[in-house]
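In: here is the input, now give the coordinates:
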Amino acid sequence: MNEITAEIINHSLPPDYEHIYIAYSGGVDSHVLLHLFAGDNAIKDKITAVYIDHGLQAQSAAWGRHCRQIAESLHVNFRSIKVNAKPTNRQSTEESARNARYAALTQLLSENDVLLLAQHREDQMETLLLQLFRGAGIEGLAAMPTEKKLESGRLIRPFLNLSKNVIQNYADQHGLNWVEDPSNQSNEFDRNYLRNAVIPLLKTRWPALDKTVARSAKHCAVAHHELQAVIDEQSRGIFDSESATVNIPLLLGLSENRQLLVLRQCLKWWGLRSASEKGLKAIIAQVCRAAECGQAEFQLQNHLLKKYQQRLHCLPKNVLKSFQPISWPNKQQCLLLSNGYQLKKITAESGIPEVLWRDAHVEVIQRQGGERIRLPGNNMSQSLKNLFQQHHVPPWVRKNIPLIYIDQQLAAVGNLWIDADFFLQQGGLCYRLQCGIK
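Out: Okay, the predicted model is just below:
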């Protein structure tokens, strides 16, 4: 495409969108994007230009004022959001700023909203090259998608197939006024070094480099999509969604390459970022292939991967911490324990009667040992130790599982069991318990 026309708007927006958020930095690319979409009177009222103030430059506040003035001149809504972009945990400044920016932008979205970003073909080329230099696999080399579903709403890059020159020509033709970030000239940052020093040299030999590299990214994206479909299907037979655990014998029965691909998918289902190839191999060697002794574990992103009865478990570190005894006020639905564990009362047709809970003193304490409980339908009580063993409850759950006492009598063991003396099958409003890390 050699020019920017209103057709881009028609091709970019899904039919069921509610609101349009445009990431507007004040630079030429995002200014062109905002100017183009704001020129459509049919959608202007649905547009909000969003400036993210990273606070990394002395001029950031002034740039925010410039962005507000431009948005007002185009008669679109405007928001300025200040974020903390200081690097942590070995992050680069670029990565920290990007993560903070995306987090702030995506939090604005509701289900049918769209977020527009002004990244173009040169940006795509830079992203692929950076991933290549970092040793990324096929997913990383797929670089940025034109569009993707977020937890709420959709992220869309309308300019991703356009060259930088096309965007610059549009800005010049319409007399746009944009800001220039002086840090873009600093080759201290990897992307700037590529943009300012490496790519201009490469283009003297391969002038159409941005187009051909972007095409490679598309090929990688297609290949990744097809491979992911196969891995998803295979992973669902290995990952038990109910218990959120991995069947280790089935995993180890795969080829080594498939093991890594399936394990990487399971990490996603656990809500974790992907691990490196070295990290994935370490998980398999140190945990999956370890003896069944309950001691093997692997630390990853504030979580622990542990093996129990041939299943791979993923648990937040807080689960292993003890907690202080605490009373549960009768009118309070949720209770946060000192180790970050949260208990929640859920109304149900069977469970602990609401009238019994309402008139009692409720306390949550940690297991001490020797506790017994009589399950509904049983005449005899059983020790928690035996119940845990019978139901294959992992050792780390047994140690710190919250016990709920009503008027000093054991009424419930986390969300696992309710004592028969406190259980109502039907006939009134009842409570069940949910447990988890907040």
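
In: where does residue 148 sit, in terms of helix or strand?
Out: Here residue 148, judged by DSSP states H and E, is contained in strand 147-149.

In: for that strand, packing partners?
Out: Packed against strand 147-149, as judged by 3 or more Cβ pairs under 8 Å, 6 or more residues apart in numbering; DSSP states H and E, are the following elements: strand 154-156. For the C-beta atoms, the positions are set from N, CA and C on the backbone; glycine is no exception.

In: other residues contacting the helix or strand that comes right after the strand it packs on?
Out: Per DSSP H and E, strand 154-156 leads on to helix 164-173 as the next helix or strand towards the C-terminus. Under the contact criterion Cβ atoms under 8 Å, 6 or more residues apart in numbering, helix 164-173 has outside partners 1-4, 28-29, 31-32, 35-36, 118, 120-122, 159, 176, 178, 210.

In: tell me what the following helix or strand past helix 164-173 is packed against?
Out: Where DSSP H and E defines the elements, the next helix or strand beyond helix 164-173 is helix 190-193. Packing partners of helix 190-193 (3+ Cβ pairs under 8 Å, 6+ apart): helix 121-133.

In: what does the helix it packs on contact?
Out: By Cβ under 8 Å, 6+ apart, helix 121-133 touches 140-141, 143-144, 160-164, 190-191, 194-195, 198-199, 209-211, 213-214, 216-217, 220.

In: do that again at 6 Å, thanks
Out: Around helix 121-133, the neighbours that count as contacts under Cβ atoms under 6 Å, 6 or more residues apart in numbering are 140-141, 143-144, 160, 163-164, 191, 194, 210, 213-214, 217.

In: any idea which element residue 259 lies in?
Out: Using DSSP H and E, residue 259 sits in helix 256-269.

In: which parts of that helix are buried?
Out: Judged by neighbour count (16 or more other Cβ atoms under 10 Å), helix 256-269 contains these buried residues: 258-267.

In: one step back: of the contacts of helix 121-133, which is the most crowded?
Out: Counting neighbours by other Cβ atoms under 10 Å, residue 143 leads those with 26 neighbours.

In: that residue and residue 219 touch, don't they?
Out: No. If you go by Cβ atoms under 6 Å, residue 143 and residue 219 don't touch, sitting 10.9 Å apart.

In: relative to the whole chain's centre, how far out is stretch 17-26?
Out: Computed by Cα atoms, centre = their mean, to the nearest Å, the chain-centroid distance of stretch 17-26 equals 21 Å.

In: which strands or helices does the helix holding residue 259 pack on?
Out: helix 209-236 (3 or more Cβ pairs under 6 Å, 6 or more residues apart in numbering; DSSP states H and E).

In: starting at the chain centroid, how far to the helix it packs on?
Out: Centre-to-centre, helix 209-236 and its host chain are 20 Å apart (Cα atoms, centre = their mean).

In: try stretch 100-117
Out: 13 Å.

In: buried set for that stretch?
Out: 100-102, 104-106, 108-109, 113-117.

In: among these, name the ones in strands.
Out: If you go by DSSP state E, those have 114-116 in strands.

In: what's the helix or strand for residue 51?
Out: Taking DSSP H and E as the criterion, residue 51 maps to strand 47-53.

In: mean confidence for that strand?
Out: The average of the pLDDT scores along strand 47-53 is 93.

In: dump the ones in strands among the buried residues of stretch 100-117 into CSV; add distance to residue 302 as well.
Out: Below are those laid out as CSV (distance: Cβ to Cβ, whole Å):
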residue, distance to residue 302
114, 32
115, 28
116, 33
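
In: export those to JSON lines and append columns for distance to residue 185 and pLDDT.
Out: Shown next, in JSON lines, are these (distance: Cβ to Cβ, whole Å; pLDDT from 0 to 100):
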{"residue": "114", "distance to residue 185": "32", "pLDDT": "96"}
{"residue": "115", "distance to residue 185": "28", "pLDDT": "96"}
{"residue": "116", "distance to residue 185": "26", "pLDDT": "96"}
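
In: closest to residue 54 among these?
Out: Comparing those against residue 54 with Cβ to Cβ places residue 115 closest, at 17.5 Å.

In: surely the closest one meets residue 22?
Out: No. Counting by Cβ under 6 Å, residue 115 stays clear of residue 22, with 7.9 Å between them.

In: check what pLDDT the spatially most central residue of the chain gets.
Out: Residue closest to the mean C-alpha point of the chain, counted by Cα atoms, centre = their mean, is residue 271 at 6.4 Å. Here, the pLDDT recorded for residue 271 equals 89.

In: and it, what helix or strand is that in?
Out: For residue 271, there is no host helix or strand (DSSP H and E).

In: residue contacts, it?
Out: By Cβ under 6 Å, 6+ apart, residue 271 has no neighbours at all.

In: what of residue 105?
Out: Neighbours of residue 105 in contact, by Cβ under 6 Å, 6+ apart: 23, 115.

In: cutoff 8 Å now
Out: Contacts of residue 105 (Cβ under 8 Å, 6+ apart): 21, 23, 50, 52, 115.

In: tally of neighbours for the third one?
Out: Neighbourhood size, residue 50 [other Cβ under 10 Å]: 23.

In: nearest residue to it other than its sequence neighbours?
Out: Of all residues not flanking residue 50 in the chain, residue 79 sits nearest, at 5.0 Å (Cβ to Cβ, 6 or more residues apart in numbering).

In: which SS state does residue 393 fall under?
Out: Classification of residue 393 using DSSP: H, G, I helix; E, B strand; the rest coil returns coil.

In: pretty sure it contacts residue 414?
Out: No. With contacts counted by Cβ atoms under 8 Å, residue 393 stays clear of residue 414, the gap being 9.5 Å.

In: go ahead and confirm residue 310 touches residue 245.
Out: No. The criterion here is Cβ under 8 Å, and residue 310 misses it with residue 245 at 9.5 Å.

In: out of the two, which sits in the busier spot?
Out: residue 245 (21 against 15).

In: ok, what's across the strand from the residue lying closest to the more buried one once chain neighbours are set aside?
Out: Once flanking residues are discounted, residue 245 sits nearest to residue 311: 4.1 Å by Cβ to Cβ, 6+ apart. Taking DSSP bridges, one obtains residue 247, residue 308 as the residues bridged to residue 311.

In: need the contact list for residue 311.
Out: 240, 243, 245-248.
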